[in-house]
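Undergrad: Could you work out the structure for the sequence below:
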Amino acid sequence: MSDIVRSLSFADEGARDPAPLLGREWLVTNGLGGFAAGTLAGIPTRRYHGLLVAALPTPLGRTLMLNHLSEWLRLSDGTRFEIGGQEQAGGGLEWPGVRHLVEFRLEAGLPVWRYAIGNATMEKRVRMLHRQNTVHVTYRLLAGETVRLKLRPALHVRPLEGSVHGDIAEPYAITGVEDRLEVATASDYPPLRLKVYGHRATFTLDSARLKNVHYRAEAQRGYADVGELWSPGYFSVDLSAETPPTLVASTEGWDTIGALGPEAAAAAEHERRMRLLAEAAPAARSGVGAELALAADQFVITPTSRCEDAARARAAGGDVRSIIAGYYWFTDWGRDTMISLEGLTCITGRHMEAGYILRTFGQYVSDGLIPNLFPDGSNEGLYHTADASLWFFHAVDRYLDATGDRETLAALMPKLTEIVQSHLAGTRFGIHVDPKDGLLIQGAEGYQLTWMDAKCDGWVVTPRRGKAVEINALWYNALRLLEGWTRGAGDEDAARALAAHASRCQHAFNERFWNPEGEYLYDVVESPDLAGKDDPACRPNQLLAISLTHPVLDQARWAPVVDTARAKLLTPVGLRSLSPDHPDFKPTYHGDLRTRDAAYHQGTVWAWLIGPFVDAWLKVHPEDREGARGFLAGFVPHLDEACIGSIGEVFDAVEPYTPRGCVAQAWSVAEVLRAWVRTAPPPSPPSHL
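TA: The predicted structure follows:
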């Protein structure tokens, strides 16, 4: 396990400045979409921070059940020390215990804090039980005499996206039975169940309110940023080298909670993680590759909300899986899932789960589209996307390349055929093939249908209506893939018809999208937003015309497109969404929602785009694996930023490329991991003595 430890030392800087600890976050997930997260300092800065965000069945969705845990140590001489703290609105930062933090590390992807307090050295660990809404917080004394640990849980039970300004429902009913405590709300939420394992554990009923709690990240994002929490009382327990205490918080039943004690739960989770690494590609079993493989595990979930999915899948002898697009606020999105599937599941050897994901989404094909997203706490998907169904073909292709699973292909073929036929005939949102040239058109007033999908108060920032470059690259790839699969199934007539559509699309694409002045591809041709003109904006979307299994762009034009992308778009942490020489270029992504949305796809760097860039680079320079690996170097130091051990959603478009958006994003991790494995040095030949 020594090569999958990431350690950050704060022995010096932590005592002087809390900023390095407040600006870095940790994340633990449970395989259901639930999570625990916070800052390294233990001070909540987001409405999403909490020790237990439970993934509850529809219509509840993800719910903050345990927001905060105040911690104090009382040494043998009676001296008391607080660990962590909170920020008070207008009252400054209370962080007396932060100065005692000397190290934070991830061990096999799980967080560990080490504190030096007087003559005592203490460690804290957080883990969630897989597929349970249960969190364990374990404390261990590494040096010093037995001390007394005091833990005060605080909560404001609310939906994950609920405002911190919301009223705390009163009264919360408190029930104590032996060494177990239940806190029940007056709503439909399950009770929060709390228990402390340890020597001389007690609970003291001491109701209190933590008022004017300030969430600085929410203030920076333009949201409500001051609220209050309620605490039922506090636990006290001995902390010694022989008896490490554990606080358990859960929404599960007591039988489930008691089935695995802290030591057994820790051993089971460690075994699960080691098994994940053993099944991954060789380049993802150690070092950075292993860290990314463990980060990938955070996004693969068994959704708790869509019971009908599970019933259908299990009746057919399978199971249901999906992918959370990002933490903290994304749910499972169709486009993100299909882009992420290869990196998160095929590269990591989770082939059975990849098949579950594809079959799950296959059930939702409607009018030739798959859902753009499933809102939290909902069974119904939203379909406003022009590319998710085309990425579906790409995901099936990559899955088949990894598994050769023709049974799943056969099961999905009617859906894949339906998608193509619906696009040829025309479907929702103006998505249809232009009968004049075979290119795919998309666009409807007021909708954002491509992956550049920012919309705020009715304003679609980058509508990209018309014939978009990556949509047609994906369409051509889908036609060629279905042609091959249809021919393999013995239907030569249908395969020839698909080949004719593909050839027509390819011919028109190379005639219409090439921009001879810039030697790159137009982003959209025949754009209604530009009075029918072509959009010369230099964007990364054009790389898909090269990077996909079936590239639509003539090979003679690959090199200039890749060279332009390298010169104008490439950064150490992904690709800019717009060239800096464009008048709409925005160098930073910050401020309130409208300001952020204005920059989201107008320069902001996206980490996931490094995958298509590396693929395109290797098609032009097939022998330059080392050079391609060099394009990933900037992500290694990023593993010490934002969410430790993971990769964020977006970055500013100019130095120092500050991380922004979601702190952990599925397609960012997936594409960097996939590219990391693809660019790994070839194994050394066996030596002969």
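Undergrad: ok now do Q542, which residues does it touch?
TA: Q542 is in contact with V469, E470, F513, Y520, L521, D523, V561, A565, counting by CB atoms under 8 Å, 6 or more residues apart in numbering. All C-beta spots, glycine's among them, are computed from the backbone N, C-alpha and C.
Undergrad: Can you tell me the closest non-neighbouring residue to it?
TA: L521 (3.8 Å; CB to CB, 6 or more residues apart in numbering).
Undergrad: Roughly how far does the one you found sit from V552?
TA: Per CB to CB, to the nearest Å, L521 is found 10 Å from V552.
Undergrad: what is in contact with those two at once?
TA: Common neighbours of L521 and V552, using CB under 8 Å, 6+ apart, are A545.
Undergrad: Pull up the gap between L292 and L618, please.
TA: Taken as CB to CB, the span from L292 to L618 is 19 Å.
Undergrad: just A108 next, same as before
TA: 31 Å.
Undergrad: Show me the shaky parts of this structure.
TA: Filtered on pLDDT under 70, the chain yields the residue ranges 1-3, 12-17, 90-97, 169-170, 305-307, 377-379, 686-689.
Undergrad: just to revisit the earlier point, so L292 and L618 - more neighbours on which side?
TA: Under the neighbour definition other CB atoms under 10 Å, L292 and L618 were set side by side, and L292 has more, 30 against 19.
Undergrad: List the contacts of the residue nearest to Q542.
TA: With CB under 8 Å, 6+ apart, L521 has these contacts: V469, F513, W514, N515, Q542, A545, L553, V561.
Undergrad: Could you rerun that using 6 Å?
TA: V469, F513, Q542 (CB atoms under 6 Å, 6 or more residues apart in numbering).
Undergrad: which residue ranges form the helices in the stretch 351-500 of the chain?
TA: Here the stretch 351-500 of the chain has its helices, by DSSP state H, counting those that start in this stretch, at 351-362, 388-403, 406-425, 469-488, 492-512.
Undergrad: And those: which comes nearest F651?
TA: Between F651 and the helices of the stretch 351-500 of the chain, the shortest separation by CB to CB is 20.6 Å, and it involves helix 469-488.
Undergrad: helices or strands up against the closest one?
TA: helix 388-403, strand 440-441, helix 492-512, helix 544-547 (3 or more CB pairs under 6 Å, 6 or more residues apart in numbering; DSSP states H and E).
Undergrad: Note down every partner strand of the shortest one and its orientation.
TA: Pointing back at strand 440-441 there. Strands that pair with strand 440-441, judged by DSSP bridges, come out as strand 432-433 (antiparallel).
Undergrad: Buried residues of the helix or strand M274 falls within, list them for me.
TA: In this assignment (DSSP states H and E), M274 forms part of helix 262-279. For helix 262-279, burial by neighbour count (16 or more other CB atoms under 10 Å) applies to P262, A265, A266, E269, R273, L276, L277.
Undergrad: if we can go back for a sec, how about the helices and strands packed on helix 469-488 in JSON lines, adding distance to W451 and mean neighbour count?
TA: Listed next are those as JSON lines, based on distance: least, CB to CB, whole Å; neighbours: other CB atoms under 10 Å:
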{"stretch": "helix 388-403", "distance to W451": "9", "mean neighbour count": "23"}
{"stretch": "strand 440-441", "distance to W451": "15", "mean neighbour count": "24"}
{"stretch": "helix 492-512", "distance to W451": "19", "mean neighbour count": "17"}
{"stretch": "helix 544-547", "distance to W451": "10", "mean neighbour count": "26"}
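Undergrad: Make CSV from these and add distance to V420 to it.
TA: Formatted as CSV, these follow (distance: least, CB to CB, whole Å):
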stretch, distance to V420
helix 388-403, 9
strand 440-441, 11
helix 492-512, 7
helix 544-547, 18
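Undergrad: before we move on, the earlier item: who does the residue nearest to Q542 bridge with?
TA: Residues in beta-bridge contact with L521 (DSSP bridges): W514.
Undergrad: and if you look at L69?
TA: Note on L69: beta-bridge partners by DSSP bridges are P153.
Undergrad: Can you give me the neighbour number for it?
TA: Residues near L69, counting by other CB under 10 Å, number 25.
Undergrad: Tell me the secondary structure at T58.
TA: What DSSP: H, G, I helix; E, B strand; the rest coil gives for T58 is coil.
Undergrad: ok, it - how many residues close by?
TA: Neighbour tally, T58, other CB under 10 Å: 15.
Undergrad: Helix or strand: which one has T256?
TA: helix 254-259.
Undergrad: where's the helix holding M274 relative to the chain centroid, distance-wise?
TA: Relative to its parent chain, helix 262-279 has a centroid offset of 21 Å by CA atoms, centre = their mean, to the nearest Å.
Undergrad: following that helix, which helix or strand comes up?
TA: helix 287-297.
Undergrad: Now the element after that next one, going C-ward?
TA: Next along from helix 287-297, by DSSP H and E: strand 300-301.
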